[in-house]
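Asker: based on what follows, work out the 3D shape:
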Amino acid sequence: MNILKNSAIALTTCALSAGIVFALPQQAKAQDYGSFNLTPGFLPDPQIGTGMSGGGRSTSDCGYVDSADAPDHVLTVNEGFSYLRAFVEAPGDVTMLVEGPDGRYCSDDVNGLMPEVSGAWPAGTYRIWIGDFAGPSQGTYRYQLFLSEYAE
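Answerer: The predicted model follows:
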């Protein structure tokens, strides 16, 4: 009788453990549109975020991005950077909209068709959207956002 009870407990433990293992890939997928919390000297450099460009909100200068309350990435700068470079790589023409404590910036076609915002970044919270000019669609181009203290 004791063996059956112990077996039931072991099977329940295995089932719960398997559920946790299967939940991990879903959590990793949620990191696709990730947040960053950076201080000068961060490692690894670069930090990388990924996602799909575009959205349903039309801007006057940065094409279409996701809604104002849903940035693709949130960057928290704990101490100001004298130099930080945010740039995007994608298979098509994308834009980058950055709203932070020192203003709003739209970048388009700095490196070929790719956007970049670089220079001094004061401490604070920055909301980042990766957009495109394809119209009110979600996910036009898969992109990578890079954050680096190196110029090239």
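
Asker: so for the residue nearest to Ser107 when sequence neighbours are not counted, what's the pLDDT?
Answerer: Nearest-residue entry for Ser107: Pro115, 3.6 Å, with adjacent residues in sequence omitted and distances by CB to CB, 6 or more residues apart in numbering. The way it works is simple: take the backbone N, C-alpha and C, and place the C-beta from them, glycine included. At Pro115, the model reports a pLDDT of 98.

Asker: the strands in this protein, which residues?
Answerer: 35-38, 47-52, 57-58, 64-65, 73-77, 81-89, 94-100, 103-108, 116-121, 124-132, 142-148 (DSSP state E).

Asker: quick one: contacts for Asp66?
Answerer: Gly54, Gly55, Gly56, Arg57, Asp72, Trp129, Gln138 (CB atoms under 8 Å, 6 or more residues apart in numbering).

Asker: if any of the residues you listed are buried, give me the ChimeraX selection for them.
Answerer: Only the buried entries of the contacts of Asp66 go into this ChimeraX selection, using 16 or more other CB atoms under 10 Å:
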select :54,55,57,72,129
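
Asker: now the contacts of Asp66 in TSV, with pLDDT and distance to Asp66?
Answerer: Listed next are the contacts of Asp66 as TSV, based on pLDDT from 0 to 100; distance: CB to CB, whole Å:
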residue	pLDDT	distance to Asp66
Gly54	94	8
Gly55	93	4
Gly56	92	7
Arg57	94	7
Asp72	96	6
Trp129	97	6
Gln138	64	8
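
Asker: nearest to Met96, of the contacts of Asp66?
Answerer: Trp129 (7.3 Å; CB to CB).

Asker: could I get the contacting residues of the closest one?
Answerer: Gly55, Cys62, Val65, Asp66, Pro71, Asp72, Met96, Leu97.
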